[in-house]
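Asker: When you get a sec, could you give me coordinates for this:
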Amino acid sequence: MTKEREKRISKEFGRRVLPLILIVIGIGVTVISSIVLWRQDPAASPRTIISRLIDRPYVPGASVGLTLLGMVMMFFFSSKETQKKSVKAGLMVLAAFLVFGGPTYLLYALQQMAIPYPFLAFFGLASFVVGLFLFTRLMKGRE
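Answerer: Below is the predicted model of the structure:
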């Protein structure tokens, strides 16, 4: 095997396999932590296990951090065309959340912070309008 081929294989490994390994490790942290907690108390319900995982902020933090790092690496190592498609897909998900989740879940979260109702109504309407605007812009781009 030539030196150039070894470099190319090493570069491809770093671009394709390393992000996947980080994502798998990130998910694995949560799975293994859940199994350890379940083995400590086999009678524990799934809800109890999840609450115990959340009580230890380093477990979800490590899991989310590793998974996001892998996804970010995968995004930056992909081709420009794939990056554009990924950004459009992400914006479409954001638009859907703003249209459907903004007037419901966002308002619910803001209600818990004791924000006056006129502001809640404004935030809900603004979320809906921004989501529809974003959705129509994305759909125009497809035509």
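
Asker: which residues sit against stretch 117-130?
Answerer: 98-99, 102-103, 106-107, 110-111, 115 (C-beta atoms under 8 Å, 6 or more residues apart in numbering). C-beta coordinates here come from the backbone N, C-alpha and C atoms, glycine included.

Asker: Tell me which two of the residues you listed sit farthest apart.
Answerer: For the contacts of stretch 117-130, the maximum inter-member distance is 20.8 Å, found between Val99 and Ile115 (C-beta to C-beta).

Asker: neighbour-wise, which of the two wins?
Answerer: Taking other C-beta atoms under 10 Å, Val99 and Ile115 do not tie; Val99 has more neighbours (18 against 14).

Asker: Would you mind giving me the confidence score for that one?
Answerer: Note for Val99: predicted pLDDT of 86.

Asker: What distance do you get for it to Gly124?
Answerer: 11 Å (C-beta to C-beta, to the nearest Å).

Asker: now Leu37: how far from Leu94?
Answerer: 34 Å.
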